[in-house]
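Chemist: Would you be able to build a 3D model of this:
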Amino acid sequence: VQLVESGGGLVQPGGSLRLSCAASGFTFSRYAMSWHRQAPGKERELVAGISSAGRSRNYADSVKGRFTISRDNAKNTVYLQMNSLKPEDMAVYYCNAKMRWSPTHMDDYWGQGTQVTVSS
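Modeler: Numbering: from 1, shown residues only. Just a heads-up that it's a prediction; the model follows:
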């Protein structure tokens, strides 16, 4: 199983970035996908999630209206479009894949993270 994030980097406040997460080693289309982030000294937090078929999406209040999560099940890839970036968005962004098979069995995979730096 692999989740490989890309697209992070340095951007000025107000700018945009598009993160990608390429998945392999599991049936991507059956998994809910999400993006999380962790800033220095802070706990990892959920940024956005999308259901397996892409019909349902949810966002942290802090990013609503600025970030958009999407997925392409044909390409086994999930995206996070980030607009109007703020310094407080600066963090390592992680991709997550989750599938609950039963009350006692859940697959929970993480990528290695990609750094997003928002600074002038």
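
Chemist: CA atoms for contacts and neighbours, from now on please.
Modeler: OK.

Chemist: so what's Gln112 up against?
Modeler: 3-5, 94-95 (CA atoms under 8 Å, 6 or more residues apart in numbering).

Chemist: can you check Ser24 too?
Modeler: If you count contacts by CA under 8 Å, 6+ apart, Ser24 has them with 1-3, 76.

Chemist: What residues of stretch 97-106 count as buried?
Modeler: 97-99 (16 or more other CA atoms under 10 Å).

Chemist: okay, those in a markdown table with distance to Leu46 next?
Modeler: Below are the buried residues of stretch 97-106 laid out as a markdown table (distance: CA to CA, whole Å):
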| residue | distance to Leu46 |
| --- | --- |
| Ala97 | 12 |
| Lys98 | 13 |
| Met99 | 16 |
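
Chemist: tell me which of the residues you listed is nearest to Asp108?
Modeler: Within the buried residues of stretch 97-106, distances to Asp108 taken as CA to CA reach their minimum at Lys98, with 4.6 Å.

Chemist: follow-up on the earlier one: in a markdown table, list the contacts of Ser24 along with neighbour count, secondary structure and pLDDT.
Modeler: Output for those, formatted as a markdown table (neighbours: other CA atoms under 10 Å; DSSP: H, G, I helix; E, B strand; the rest coil; pLDDT from 0 to 100):
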| residue | neighbour count | secondary structure | pLDDT |
| --- | --- | --- | --- |
| Val1 | 10 | coil | 96 |
| Gln2 | 15 | strand | 97 |
| Leu3 | 23 | strand | 98 |
| Asn76 | 16 | coil | 98 |
